[in-house]
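Trainee: Next one to model:
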Amino acid sequence: VAVTAYNNMLSSRGKRVTEGQEMSAHIRNHISGVGDRSYTCLAIAENRLSFHKLLPLISKASWPGEVETASIEAGYNDPRGSTEVREAVAGYLSREDIWDGPMNPEYIALSAGATALIKNVALSVCDENDICMIPSPCYHGFQDTLKSAGVCPFPVHSPTSEMCDLDACISVENLEAFRLKAEGKDGNTVRMLLITHPSNPSGTLYSSGALQAAIDWAAKHGIHTVFDTVYSGSIYPNTQYKGLLKMLGDKISLPYVHLIYALGKDFGMAGYRVGLLYSENDAIRGCVSSLAHACEVSTHTLNMVRRMLTNHSDVTEYLTEHRRAIQDVCSTLCDILRAADIPHIVPQAAFFIMIDIRSFLPDNTFEAEQQLLDKLFSDTKINVSSGKDIRCCRAGWCRLCFGYHDKQHVTDAVKRMITWLNQYRNKQWADMEVSNIPSKEQLHASFTAILQTVLQNNENPLLFDVGCGNGRFGVEYGNTGYGVFGCDVNEEAVQEANKLAQSQEQIVSSRCLFSRLDCSSLSFAESVVKGVQQILARDIKSDSKETAVFDVILAQLVLSVVGGVSARKQFLQNMVQCLKPVHGRLLLSVSGASEHVNEKYAQLYKTDMEATGEYRTYFSRDEAGNALYQTHHFTIEELKDLISLVGLEIESFHECKETSSRRPNESAIFYYVVCCKSEL
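Mentor: Model prediction:
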């Protein structure tokens, strides 16, 4: 919220609403992006996928034109909504595929959207500075809504390592621990528990037992349990689902239980601002109805909603198409994320996916997370919600919404985002000072033996120096008679390597070339061809056979730092594509699992796993403790399985205990592997 010269005119309550409230980054990006044709919104949970099916419903339900209807709709109405409207809403929600249970329309109060109702319920049950506990991660808007009511939001996180272990999050033991923590902080009282079911941002569901136990715990402490159920009509067709009324059973009649629903999400009617409270507590319901005078839904809109919801066959047809559409897009996106080895939480409902971007972060901080997402938006105009905005307990997650654009648009955007993320990860290396790039002083004896043998048995052999750094090894073997092509993502390193090559005798400099390339990209082999053509006297076609021109490929430690599981696999597949069949050799050095030789690595694996998402993947740091990049230490079995998976055979395998290039005072395990293509 902007601070102006007139802020001193605000009351203390007005200042409380505006001060200290920083607009979420994804909302700020959305405001600036709307109207830009290049903008892609993956940050706002707005449902437009099935609007073509909704339009006929709205059209049929619009004002029929009678004068009598117009005169009724022009006047004041019951702030709860008319009996006819509440009956229509109760009939809709009692459906088997929504709340699934009988409802009394008298227990319904309508208002202008779910947000207004959450605020008014909070005003009804909480005193100033009382606390509302919210299982988190959660919808980012809850914070400001509750604060504007004078209520303190307090996130509740799962005690397990899973980001969205819903049942563990609302277990009695966890809720009690967080209640004591919340009340002990400032001496305030917890009076409200706000649960979103289905969950936003994970799209997953609580179990009936966990919800009932949470209600009993809350009632014991005089805490009101409020359910935000705005995605109740967006359960995927393949999900085993029990309606909320059946899940809660007779606990729905407790005076501490209140349900909120709105048409904005399931029906894509956020602009119509139609929400409802269902509560058997007449005092709470009456207070909310009184507060609703300031946020009533227009009578005209409510009558349109009544006519729409009583058109049962069309509503059923719409919901069927809506659920099919969101599940279809979700399945496609999950397949894309899975293929790219990006961990994510598979939803059961709604139109968002939580994705794990920890492997792309240079450091385990919310600042690093936001820098990545800001750069993503700046470079691609793709906007997603950060983990910080949705109140994740640790950095490295984000929410990807897929209901704002059509399927093709969203699919293309997610593919572009994945490509960009891989490039961003490589940027850590691309921006590194050459002097800081770790490198071994000499090659392993098994590698030098292969290089000498190939040179003796071949005329003008080709060496590919992958992750060449300053080109020291490539130029050394260029002097022995190899034609050398080297690559690195670091432009400064490539320049130094070419400078070193040019300082040699002309016959050497003419057969050594270094280029800036990403060795884990899908188009790697085609890029290599362009470089090789400059050091060979013949043209090479960019198909898989013609790219397999290298007698020896030297890849020192690259596999350990190239990225996650899929990036490692893609890297080795790229090496296979460039390696000569039969006589070609891949010289692969890899960081090995070192916890058995160095207790400090065991501690690093353990402490950094939460940040990186993978055991034995940790942050390599400088002397000041600043994270530089992620490194993975392989087990022997893990490395051998990966090598076999891409069609390589191991010719020799050496395990050595050495000092680390980044941590010269620490011992670590390194593997030196000589591979060739499988004959099959």
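
Trainee: just the strands in the stretch 251-400 of the chain please.
Mentor: 257-262, 275-279, 344-345, 352-356, 382-386, 397-401 (DSSP state E, counting those that start in this stretch).

Trainee: What confidence value was assigned to Ile507?
Mentor: pLDDT, Ile507: 85.

Trainee: what about it, neighbour count?
Mentor: Residues near Ile507, counting by other Cβ atoms under 10 Å, number 10. Using the backbone N, CA and C atoms, a C-beta is placed for each residue, glycine as well.

Trainee: which residues of the stretch 101-250 of the chain score low on pLDDT?
Mentor: Within the stretch 101-250 of the chain, no range satisfies pLDDT under 70.

Trainee: how about a cut-off of 80?
Mentor: 185 (pLDDT under 80).

Trainee: Contact partners for Ser560?
Mentor: 590-591, 631-634 (Cβ atoms under 8 Å, 6 or more residues apart in numbering).

Trainee: no no, Tyr107
Mentor: Contacts of Tyr107 by Cβ under 8 Å, 6+ apart are 278-280, 285.

Trainee: Against Gly275, how distant is the nearest residue to Tyr272 once chain neighbours are set aside?
Mentor: Spatial nearest neighbour of Tyr272, chain neighbours left out: Thr301 (5.7 Å); criterion: Cβ to Cβ, 6 or more residues apart in numbering. Separation of Thr301 from Gly275 (Cβ to Cβ, to the nearest Å) stands at 12 Å.

Trainee: For the two, work out which one has more neighbours and name it.
Mentor: Just comparing Thr301 and Gly275: by other Cβ under 10 Å the higher neighbour count belongs to Gly275, 25 against 19.

Trainee: Show me which helix runs longest in this protein.
Mentor: Longest helix of the chain, by residue count under DSSP state H: helix 312-339.

Trainee: after the helix or strand of the chain with the lowest mean pLDDT comes which helix or strand?
Mentor: Here the helix or strand of the chain ranked lowest by mean pLDDT, DSSP states H and E is helix 544-547, holding a mean of 55. Once helix 544-547 ends, the next helix or strand along the chain (criterion: DSSP states H and E) is strand 552-556.

Trainee: Name every strand pairing with that next one and say which way it goes.
Mentor: Strand 552-556 pairs in its sheet with strand 462-466 (parallel), strand 585-592 (parallel), by DSSP bridges.

Trainee: Mind exporting the C-alpha coordinates of the first one to PDB?
Mentor: Once side chains and other backbone atoms are set aside, the C-alpha atoms of strand 462-466 remain, and they are given as PDB (Å, rounded to 0.1, in the frame of the first residue of the first chain):
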ATOM      1  CA  LEU A 462      39.400 -35.300 -31.500                       C
ATOM      2  CA  LEU A 463      39.100 -34.400 -27.900                       C
ATOM      3  CA  PHE A 464      36.000 -32.800 -26.400                       C
ATOM      4  CA  ASP A 465      36.800 -30.900 -23.200                       C
ATOM      5  CA  VAL A 466      33.400 -30.400 -21.500                       C
END
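
Trainee: And the contacts of it?
Mentor: Here strand 462-466 makes contact (Cβ under 8 Å, 6+ apart) with 451, 471, 473-474, 477-478, 482-487, 514, 519, 528, 532, 535-536, 549-555, 558, 575, 578.

Trainee: If the residue nearest the centre of the chain is in a bridge, with which residues?
Mentor: The chain has Ile355 as the residue nearest its centroid, 2.3 Å off, counting by Cα atoms, centre = their mean. Bridge pairing for Ile355 (DSSP bridges) gives the partners His344, Cys398.

Trainee: distance of it from Cys152?
Mentor: Distance, Ile355 to Cys152, using Cβ to Cβ: 30 Å.

Trainee: where in the stretch 401-550 of the chain is pLDDT low?
Mentor: For the stretch 401-550 of the chain, the stretches with pLDDT under 80 are 426-428, 435-436, 520-523, 525-527, 529-547.

Trainee: Go again with 90.
Mentor: For the stretch 401-550 of the chain, the stretches with pLDDT under 90 are 419, 422-441, 459-460, 506-511, 517-549.

Trainee: Tell me where it has strands.
Mentor: 462-466, 483-488, 512-516.

Trainee: Looking at these, which is nearest to Lys415?
Mentor: Lys415 lies closest to strand 512-516 among the strands of the stretch 401-550 of the chain, at 23.3 Å (Cβ to Cβ).
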